[in-house]
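Undergrad: my questions are about this predicted structure, shown below with the sequence.
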Amino acid sequence: MGKYVQTAILIAIITHVMLLFALPRGLMHVAMQRLGAAGENAWHSGERVTARSRQIVRPSPDFAYASCVYDLSRGPVRITVTPWPSYWSLSLYGANSDNFYVIDDREARRGAAILLIRAGSRHPETDDTVVESPSGRGIALIRRLAPSPETHAGAVAAASADICAPS
Amino acid sequence: MLRRAAAWVLTVLIGVVIGAASLWATLEIGGSSFGAHFGLWSHNRAAGSTAAGPYTRAIIARDGLLALSAREALYFNLDRDAGGRPLDESCVYELRGAPLAARWWSVTLYGDDGFLVDNGDNAYSVDASRIGAGTWSIRIAPVQGSAPYWLSSRGAGRGFALTLRVYNPQDDFRPSAESLPVLSQVSCAEAH
């Protein structure tokens, strides 16, 4: 009987720890699959949030969103944000779900230009801000404050000049 | 022989179930420890915070995947009236507030499924850019009536919720029952 109990406890501990580490990665994996379905290393602008927006719970109708699933396996990826007259922010999330970088319009009035590299790799010569990603893949998300249909259309137009591409 | 094999299979299954259940319970308890209450508003500090370890990372991913960092935005939720009853379409509510120590804020109404309510009213959200300085009042009802600011609860039924988002909170922003907007019930339909 003892060996059964010991085995069950050991398996319980292994399961607990494995699921603990798998949960954030699994949720991010699903998010990357959804957001990257139309292609990685490219920005995709979402439609204005309405009652028909049902991908993520509690979507904010105040923002125009753009997302880019980045992949650094072929080298650095350049990410730029075109300035926007109201609040905007760029957030970077690693494959383990950590929000490892955020910049907003208070810090970067004239927009942002970032060279995203794999953590630990050589920093290339560039005028861009070099940011190290803890993982090879992840999600970049731009939020532009655009609470009305008119401002949302303007934000989508501004987003068309954003870059997310291998450098 | 067959009985022994069955006993081992059962042992492994029990181990997996205990492992999964203990993690679920740990995240539930850990997640609630991130909760805070200010008046009728509840706030989850996990969303938008930085993971300090594998447990906080799992809680943050579960409760606020891809959320804005706390420096950028704070989220507050309200789904009960002062009497503890779920918010109901058959009632009219008023949300009154003073300016918040933040750059910008918004209040959004969500159905009990966490999505915007499909009522065609296009009155999902009221934000600071539409409301001038000073104190303000938003009507939460199925019809706008004479109210200047309105969140439509038409078609929301029972159990809808309000989310207050506070963007770029100032260093001296201290959420409290007094500083956050206050919900009061104006009236309820007869059937209620």
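TA: Good, I have the coordinates. Keep in mind the model is a prediction, meaning the values are calculated, not measured.

Undergrad: going by C-alpha atoms from here, please, whenever you check contacts or count neighbours.
TA: Fine.

Undergrad: just the strands in the chain please.
TA: Looking at chain A here, since you left the chain open. Assigned by DSSP state E, the strands in chain A fall at A:44-45, A:63-71, A:77-81, A:88-94, A:99-104, A:112-118, A:129-133, A:137-145, A:163-166.

Undergrad: try chain B instead
TA: B:35-38, B:41-44, B:73-78, B:87-88, B:91-97, B:102-110, B:125-127, B:136-141, B:150-152, B:158-169, B:182-188.

Undergrad: circling back to that earlier point, JSON lines for the strands of chain A, including distance to residue B:45?
TA: Formatted as JSON lines, the strands of chain A follow (distance: least, C-alpha to C-alpha, whole Å):
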{"stretch": "strand A:44-45", "distance to residue B:45": "28"}
{"stretch": "strand A:63-71", "distance to residue B:45": "22"}
{"stretch": "strand A:77-81", "distance to residue B:45": "28"}
{"stretch": "strand A:88-94", "distance to residue B:45": "18"}
{"stretch": "strand A:99-104", "distance to residue B:45": "15"}
{"stretch": "strand A:112-118", "distance to residue B:45": "28"}
{"stretch": "strand A:129-133", "distance to residue B:45": "25"}
{"stretch": "strand A:137-145", "distance to residue B:45": "21"}
{"stretch": "strand A:163-166", "distance to residue B:45": "31"}
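
Undergrad: just name the most buried of these.
TA: Ranked by mean neighbour count under mean count of other C-alpha atoms under 10 Å in any protein chain shown, the strands of chain A are led by strand A:63-71, which reaches a mean of 25.

Undergrad: and that strand, how far out from the chain's middle?
TA: With C-alpha atoms, centre = their mean, to the nearest Å as the basis, strand A:63-71 stands 6 Å off its chain's centre.

Undergrad: pick out the residue closest to the middle of chain B.
TA: residue B:77 (2.9 Å; C-alpha atoms, centre = their mean).

Undergrad: likewise chain A?
TA: Note: chain A centre (C-alpha atoms, centre = their mean) maps to residue A:139, 2.3 Å.

Undergrad: name the single longest helix found in chain A.
TA: Longest helix in chain A by number of residues (criterion: DSSP state H): helix A:2-35.

Undergrad: so which bits of chain B are right by chain A?
TA: Applying C-alpha under 8 Å from any C-alpha of the partner chain, we find that chain B lies next to chain A at B:8, B:11-12, B:14-20, B:22-23, B:48, B:50-51, B:54-55, B:57-58, B:61-62, B:65-66, B:68-69, B:106, B:108, B:110, B:114-118, B:124-125, B:127.

Undergrad: among those residues, which are in helices?
TA: B:8, B:11-12, B:14-20, B:22-23, B:54-55, B:57-58, B:61-62.

Undergrad: if we can go back for a sec, show me how to select, in PyMOL, the buried members of the residues of chain B next to chain A.
TA: Burial among the residues of chain B next to chain A is assessed by 16 or more other C-alpha atoms under 10 Å in any protein chain shown; the matching PyMOL selection reads:
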select buried, chain B and resi 8+11+12+14+15+16+17+18+19+20+22+23+48+51+55+57+58+61+62+65+66+68+69+106+108+110+114+115+116+117+118+124+125+127
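
Undergrad: pipe the strands of chain A into CSV and attach distance to chain B and mean pLDDT per row.
TA: Shown next, in CSV, are those (distance: least, C-alpha to the nearest C-alpha, whole Å; pLDDT from 0 to 100):
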stretch, distance to chain B, mean pLDDT
strand A:44-45, 16, 90
strand A:63-71, 11, 95
strand A:77-81, 17, 97
strand A:88-94, 7, 95
strand A:99-104, 7, 94
strand A:112-118, 16, 96
strand A:129-133, 15, 96
strand A:137-145, 8, 95
strand A:163-166, 18, 96
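
Undergrad: closest one to residue B:40 among those strands?
TA: For residue B:40, the closest of the strands of chain A is strand A:63-71, at 25.8 Å, according to C-alpha to C-alpha.

Undergrad: same for the closest one, what does it pack against?
TA: helix A:2-35, strand A:44-45, strand A:137-145, helix A:149-159 (3 or more C-alpha pairs under 8 Å, 6 or more residues apart in numbering or on different chains; DSSP states H and E).

Undergrad: now do the contacts for residue B:76.
TA: By C-alpha atoms under 8 Å, 6 or more residues apart in numbering or on different chains, residue B:76 lies in contact with B:41-44, B:163-165.

Undergrad: which residues does residue A:89 contact?
TA: Contacts of residue A:89 (C-alpha under 8 Å, 6+ apart): A:102-105, A:142-144.
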